[in-house]
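> test case, fold it:
(2 chains)
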Amino acid sequence: MNALLEDVAWGACNSAYRLDRWRLGELDPAESAELRSHLDGCGRCQGALAALAEAEAAHRASAPPLRLLHGAGRVRRRTGALRWALPGAALAIAATVLVVLMPQEGVRTKGSPAELGMYVQHAGQVRRAARGEVVQPGDSLRFSYSIPRPSYLTVLSIDGAGVASVYFPEGGWAARVDAARDAPLPLGTRLDGVVGEEQVVALFCDQAQAVEPLRRAVQAAAPGLPTVPGCQEATFRFTKRAGP
Amino acid sequence: MTLDAGAVEELYRSHGHLVTRRARTLLGSDEDAREVLQDVFAELLRVPESVRVPGSAVAWLYQATTHRCLNQLRNRRTGSRLLDRRVAPIQPQTEEPRGEALAAVRQLLARLPGELASVVVYRHLDGMTQEEISTLLGCSRRQVGYLLERAHASLQSEERIA
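As a prediction, the model looks like this:
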């Protein structure tokens, strides 16, 4: 077997599939009795079963309602490989505007190891954003993040008027992300022409957080940064100015 | 098996966890797993006749989840090409022992044809026997064995290239 597959292989005698079917009452009585008998004497299968139960508990604690049944509209489908999305008013395209990315690649605050990175796509080429870099209208941005431990991530944008809008995630709760180094967010954005100062704030929180209170906190603290207990932040500051 | 909206919602409550768990493992992202969860049950609501294994919701959910997750892995791969290679792939430095290996396996799965990637997932990540896989897919054990051999050969080839 491939060595990588050995590292990720299911570790119990009975498959996850069989254990799921048993837990959900799909095995016939004979199969069920056989499995129960095995479980009594098998630590590996008991451990696997406990892991399934733990995953179920985690799911039940955080699963949203089924959207189609609760009037939230059509289920969003990802048809594109990379979503260079348009997150709204803060980032609308204007052909006569240049955007200057001012500071600061991977700014860290409070001595935290959380970092934001930014990549710019222009004329089919991708480069990492650097201080003072000029970006053309219509260019696309994508952010990446680094965090040494699993966290709940929210990324917001604050425009020149001090209005905060949510860039990531699309749902109402901060998205759990694994520990990662320079991991791209699953969506990008196309730069707009709103003139003025703008900054992007990433909040890495120890626990799941509702996004809207975070947005309000970020907006209230602008142009500074909010102090959110249990969260670390990283920012990018932009200065946007109209070009020729 | 025919399901009305109430039955789908009940199934969502009782079985949704296995979709979330497997999608989380296959995609490495809670956000993406939640999206797969919604998509899988939305399809069940739209096309209830698509349930192919009478009496086994678990079987249908395994297949639907696997299919969507593998599609998404392939989409990510395409997307990473668009973004050049300067954005490093997600590299979870997770405390979970399998995290790093899982990230590498996801990249390999994205390169395999769908039917081969599926049997790899069922056999190795879910620990299913060839008999279980053959029942799930509605094919012979011999066919499952053949698919696994091809998948392993492809993976070895991919690893050599990498």
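> doesn't residue A:11 lie inside a strand?
No - using DSSP: H, G, I helix; E, B strand; the rest coil, the assignment for residue A:11 is coil, not a strand.
> now do the phi/psi pair for the residue lying closest to it once chain neighbours are set aside.
Nearest residue to residue A:11 in three dimensions, chain neighbours excluded: residue A:44, at 6.0 Å (C-beta to C-beta, 6 or more residues apart in numbering or on different chains). Any C-beta I mention is one placed from the backbone N, CA and C, and that applies to glycine too. Per-residue torsions, residue A:44: phi -60, psi -40 (degrees, to the nearest 10).
> helices of chain B, start to end?
Counting by DSSP state H, chain B has helices at residues B:5-27, B:30-46, B:57-82, B:99-111, B:114-120, B:130-137, B:141-161.
> export those helices to TSV and tack on mean pLDDT and mean neighbour count?
As requested, those are exported to TSV (pLDDT from 0 to 100; neighbours: other C-beta atoms under 10 Å in any protein chain shown):
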stretch	mean pLDDT	mean neighbour count
helix B:5-27	90	20
helix B:30-46	84	22
helix B:57-82	80	20
helix B:99-111	85	20
helix B:114-120	93	21
helix B:130-137	94	19
helix B:141-161	86	15
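> report the central residue of chain B.
What sits nearest the mean C-alpha location of chain B, by C-alpha atoms, centre = their mean, is residue B:66, with 2.4 Å.
> now the residue of chain B found nearest chain A: closest residue in space that isn't a chain neighbour?
In chain B, the residue that lies nearest chain A is residue B:127 (2.8 Å; C-beta to the nearest C-beta). In this structure, residue B:127 finds its nearest non-sequential neighbour in residue A:10, 2.8 Å apart by C-beta to C-beta, 6+ apart.
> neighbours around that neighbour, how many?
Residue A:10 sits with 19 neighbouring residues when counted by other C-beta atoms under 10 Å in any protein chain shown.
> contacting residues for it?
By C-beta atoms under 8 Å, 6 or more residues apart in numbering or on different chains, the contact list for residue A:10 reads A:16, A:48, B:124, B:125, B:126, B:127.
> for residue B:33, same thing?
By C-beta under 8 Å, 6+ apart, the residues touching residue B:33 are B:19, B:20, B:23, B:24, B:27.
> okay, the residue lying closest to residue B:136 once chain neighbours are set aside and residue B:71: tell me how far apart.
Distances taken as C-beta to C-beta, 6+ apart put residue B:59 closest to residue B:136, at 5.4 Å, once the chain neighbours are dropped. Relative to residue B:71, residue B:59 is positioned 19 Å away (C-beta to C-beta, to the nearest Å).
> before we move on, the earlier item: what is the most widely separated pair among the contacts of residue A:10?
Pairwise distances across these (C-beta to C-beta) peak at 14.3 Å, for the pair A:48 and B:124.
> for residue A:233, which of the helices of chain B is the nearest?
That would be helix B:30-46 among the helices of chain B, by C-beta to C-beta, at 19.5 Å.
> export the closest one as PDB, just CAs?
In PDB, the C-alpha atoms belonging to helix B:30-46 read as follows (Å, rounded to 0.1, in the frame of the first residue of the first chain):
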ATOM      1  CA  ASP B  30     -15.300  23.000   8.300                       C
ATOM      2  CA  GLU B  31     -16.600  25.600   6.000                       C
ATOM      3  CA  ASP B  32     -16.400  23.400   2.900                       C
ATOM      4  CA  ALA B  33     -17.900  20.500   4.900                       C
ATOM      5  CA  ARG B  34     -20.900  22.500   5.900                       C
ATOM      6  CA  GLU B  35     -21.400  23.400   2.200                       C
ATOM      7  CA  VAL B  36     -21.200  19.800   1.200                       C
ATOM      8  CA  LEU B  37     -23.700  18.900   4.000                       C
ATOM      9  CA  GLN B  38     -26.200  21.400   2.600                       C
ATOM     10  CA  ASP B  39     -25.700  20.300  -1.000                       C
ATOM     11  CA  VAL B  40     -26.100  16.600  -0.300                       C
ATOM     12  CA  PHE B  41     -29.400  17.000   1.500                       C
ATOM     13  CA  ALA B  42     -30.600  19.600  -1.000                       C
ATOM     14  CA  GLU B  43     -30.100  17.100  -3.800                       C
ATOM     15  CA  LEU B  44     -31.900  14.500  -1.800                       C
ATOM     16  CA  LEU B  45     -34.900  16.800  -1.500                       C
ATOM     17  CA  ARG B  46     -34.800  17.700  -5.200                       C
END
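> just to revisit the earlier point, need the pLDDT of the residue nearest to residue B:127.
pLDDT recorded at residue A:10 is 92.
> check contacts around the residue nearest to residue A:11.
Shown in contact with residue A:44 (C-beta under 8 Å, 6+ apart): A:11, A:12, A:13.
> ok, residue A:16 touching residue B:129?
No - between residue A:16 and residue B:129 there is no contact under C-beta atoms under 8 Å: 11.8 Å.
> which one's more surrounded, the two?
Ranked by neighbour count (other C-beta under 10 Å), residue A:16 and residue B:129 place residue A:16 first, with 24 against 16.
> please name the spatially closest residue to that one (chain neighbours excluded).
Of all residues not flanking residue A:16 in the chain, residue B:126 sits nearest, at 4.5 Å (C-beta to C-beta, 6+ apart).
> roughly how far does that neighbour sit from residue B:4?
Plainly put, residue B:126 is 29 Å away from residue B:4 if you go by C-beta to C-beta.
> and for residue A:167?
Residue A:167 sits 38 Å away from residue B:4, taking C-beta to C-beta as the criterion.
> now swap in residue A:140 and tell me
Taken as C-beta to C-beta, the span from residue A:140 to residue B:4 is 43 Å.
> nice, that's everything, thank you.
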